[in-house]
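Student: sequence and predicted model, in that order:
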Amino acid sequence: VLGLSWVGIDDDFFSLGGHSLLATRVIARIRALLGVEVGVRVLFEAPTVAGLVARLGEAGPARLALGRYARPDVVPLSFAQRRLWFLYQLEGQSATYNIPCVLRLCGRLDRGALAAALGDVIGRHESLRTVFPQVDGMPCQVVLEGGGLPGLPVTEVAAGGLAGVLEARVRCGFDLAVEPPVRAELFVVGPDEHVLLLVVHHIAGDGWSVRPLLADLSVAYAARCRGHAPGWAPLPVQYVDYTLWQHELLGDEADSGSLFAGQVAYWEQQLGGLPEQLVLPMDRARPAVASQRGDQLGVRVDAGVHHKLVGLARDSGASMYMVLQAGLAVLLSRLGAGHDIPIGCPIAGRTDQALDDLVGFFVNTLVLRTDTSGNPTFRELLARVRETALSAYAHQDVPFEYLVGALNPVRSLAHHPLFQVMLALQNLETTSVDLVGLDVSMLPASTGAAKFDLSFGLFECRDATGRPAGIEGVIDYATDLFDPATIEALAARLVR
């Protein structure tokens, strides 16, 4: 899990580079190998092999394992897909939930091999060739047979015009009822310079999905350059299997003994009395209907501060995410948001190891509520954040989309329900792609959309020795509400 060649039984998981996402993978590995269920909290409390072994006696039986399912005539949407489909019906075709990936390819490119490799990848992952029509008024998943693209469009473009063309393509929506949720186009900038644009709709993928998608593209391109199809082993499960497993795992919401009912009861108590919306330092009144238009600003925390934050997290038995969440809650509170600060936390949702290499929409969103009242010290506030987060991780299976319906907050087209500020920390190693014979680099891309009032997307940097080298990222913000200068001032206060 940590990618190390050797770990001692008394070595601390978090000191070796572990974090909340990897902790979830450890729990999934324990479940698969030992057949027992251990909570993420246990790993935070006993972060060594020796400590975990001593706690295994407290473990219960493993939950339902993910496997292949017989396909019903009509395949329902996963819970996460339901809300995106609903928003799609509300908004129509838009770029709000587009996930762009832009690759600059320098060197001698085999265009035919690239087109075939993209077809191989789409054939491998059913989620990339799934459409979402309605049957008897209800949306369903229909997997199109076979793989491949209708063709890889090739467009010649001058270097000076590339940015504008990419921006226009990234912002094109999908017709999810009939159109596969992935689009690709190759731009020719020069004889040995190309740019490949991939756009996946969020209903078929998430941030984690970019890694297996590009890894499989690398394998397939190498094989096609040699004149044959990739010889990879079949994936253990597909997204339809996950959907059917999710419904069985959670059980009937009307059954008080189901996992569904138990976790919903936790969230109903945890989020009772939540403020309808945070008071933020907006430059304009909130419109009656949010336009979803947005912009972004880069932000960076230097290596010295990063090093101190890592030490604080380690000394407090907390993750870096918890430290950043506590800091953001303090800032928002001081800016007038009050003492009850709900922040959205994306969580990978890949709680079974069979999902590690699958492209699909698994990410869930937890609402982490921070109480800043009582003038606590920062360490005291961090302890509150840690406790809230660990409890939330133990109840992460109920989809956010269902909670919105169960909690029934005041509905509004003006703002996101339950929270309006998102904080994401990218813990995975930098995504890379290796296309044989080519120098490949990733280019930034923005959809120009804002799902939330404010969204902080951060990434921990490490030097060659693994030491903290800074925290980088962007703040996405709704231009309905904020001017660039306001976000610049907010970013400066957060970093300071």
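Tutor: Received, thanks. Numbering: from 1, shown residues only.

Student: can you tell me the average pLDDT over stretch 79-86?
Tutor: Stretch 79-86 shows a mean pLDDT of 87.

Student: distance between it and the chain's centre?
Tutor: With Cα atoms, centre = their mean, to the nearest Å as the basis, stretch 79-86 stands 15 Å off its chain's centre.

Student: pull the CA atoms of that stretch into PDB?
Tutor: Extracted as PDB, the C-alpha positions of stretch 79-86 are listed here (Å, rounded to 0.1, in the frame of the first residue of the first chain):
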ATOM      1  CA  PHE A  79     -26.700   6.400  -5.900                       C
ATOM      2  CA  ALA A  80     -24.100   8.900  -6.900                       C
ATOM      3  CA  GLN A  81     -25.200   8.800 -10.600                       C
ATOM      4  CA  ARG A  82     -28.800   9.500  -9.600                       C
ATOM      5  CA  ARG A  83     -28.000  13.000  -8.400                       C
ATOM      6  CA  LEU A  84     -25.800  13.800 -11.400                       C
ATOM      7  CA  TRP A  85     -28.600  12.600 -13.700                       C
ATOM      8  CA  PHE A  86     -31.100  14.800 -11.800                       C
END
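
Student: list the buried ones in that stretch?
Tutor: 79-85 (16 or more other Cβ atoms under 10 Å). The way it works is simple: take the backbone N, C-alpha and C, and place the C-beta from them, glycine included.

Student: helix/strand/coil for the closest residue to residue 232 other than its chain neighbours?
Tutor: Once flanking residues are discounted, residue 232 sits nearest to residue 219: 6.2 Å by Cβ to Cβ, 6 or more residues apart in numbering. Recorded secondary structure, residue 219: helix (DSSP: H, G, I helix; E, B strand; the rest coil).

Student: swap in residue 361?
Tutor: coil.

Student: the residue nearest to residue 232 contacts residue 230, correct?
Tutor: Yes. With contact defined as Cβ atoms under 8 Å, residue 219 counts as touching residue 230 (5.2 Å).

Student: which stretches in the stretch 51-200 of the chain count as strands?
Tutor: Ranges of strands in the stretch 51-200 of the chain, per DSSP state E, counting those that start in this stretch, are 60-61, 98-107, 130-131, 134-135, 138-139, 142-143, 154-156, 182-190, 193-201.

Student: let me know which of those is the nearest to residue 225.
Tutor: For residue 225, the closest of the strands of the stretch 51-200 of the chain is strand 98-107, at 12.0 Å, according to Cβ to Cβ.

Student: next, the angle strand 193-201 makes with the closest one.
Tutor: 160 degrees (axes from the mean of the first three to the mean of the last three Cα atoms, to 10 degrees).

Student: can you list the neighbours in contact with strand 98-107?
Tutor: Outside strand 98-107, the residues that touch it by Cβ atoms under 8 Å, 6 or more residues apart in numbering are 166, 170-174, 192-202, 205-207, 209-210, 213-214, 433, 435, 437-447, 449.

Student: tell me which helix or strand residue 424 sits in.
Tutor: strand 421-426 (DSSP states H and E).

Student: next SSE after that strand?
Tutor: strand 438-443.

Student: where does pLDDT dip in the stretch 1-150 of the chain?
Tutor: 147-150 (pLDDT under 70).

Student: redo that, cut-off 80
Tutor: 1-5, 16-22, 90, 146-150 (pLDDT under 80).

Student: picking up where we left off before, as CSV, the strands of the stretch 51-200 of the chain with mean neighbour count and distance to residue 282 would be great.
Tutor: CSV is the format used below for these (neighbours: other Cβ atoms under 10 Å; distance: least, Cβ to Cβ, whole Å):
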stretch, mean neighbour count, distance to residue 282
strand 60-61, 8, 47
strand 98-107, 19, 26
strand 130-131, 22, 39
strand 134-135, 11, 38
strand 138-139, 14, 35
strand 142-143, 16, 42
strand 154-156, 11, 40
strand 182-190, 18, 35
strand 193-201, 22, 30
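
Student: wait, which of those strands is closest to residue 478?
Tutor: strand 98-107 (16.9 Å).

Student: now do that closest one: distance to the chain's middle.
Tutor: Counting by Cα atoms, centre = their mean, strand 98-107 comes out at 19 Å from the chain centroid.

Student: that one pairs with which strands, and in what direction?
Tutor: Partner strands for strand 98-107, per DSSP bridges, with pairing direction: strand 193-201 (antiparallel), strand 438-443 (antiparallel).

Student: what's the angle from that strand to strand 182-190?
Tutor: Using the same axes, to 10 degrees, strand 98-107 lies at 30 degrees relative to strand 182-190.

Student: I figured residue 208 hits residue 347, correct?
Tutor: No. At 10.7 Å, residue 208 does not count as touching residue 347 under the criterion of Cβ under 8 Å.

Student: so what's in contact with the two at the same time?
Tutor: residue 363.

Student: would you mind writing the CA trace of stretch 128-136 as CSV?
Tutor: Extracted C-alpha coordinates of stretch 128-136, given in CSV (Å, rounded to 0.1, in the frame of the first residue of the first chain):
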residue,chain,number,x,y,z
LEU,A,128,-16.9,4.8,-20.7
ARG,A,129,-19.4,3.3,-23.1
THR,A,130,-22.5,3.5,-20.9
VAL,A,131,-25.5,5.7,-21.9
PHE,A,132,-28.4,6.7,-19.6
PRO,A,133,-31.8,6.5,-21.2
GLN,A,134,-35.1,6.4,-19.4
VAL,A,135,-37.2,3.2,-19.2
ASP,A,136,-40.7,3.7,-17.9
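
Student: give me the residues contacting it.
Tutor: In contact with stretch 128-136 (Cβ under 8 Å, 6+ apart) are residues 74, 77, 81, 85, 121-123, 139-144, 146-147, 176-182, 200, 203-205, 239, 359.

Student: among the strands of the stretch 51-200 of the chain, which is nearest residue 368?
Tutor: Closest among those, using Cβ to Cβ: strand 98-107, at 23.5 Å.

Student: show me where the stretch 201-350 of the chain has its helices.
Tutor: 210-225, 239-250, 259-270, 303-315, 320-332 (DSSP state H, counting those that start in this stretch).
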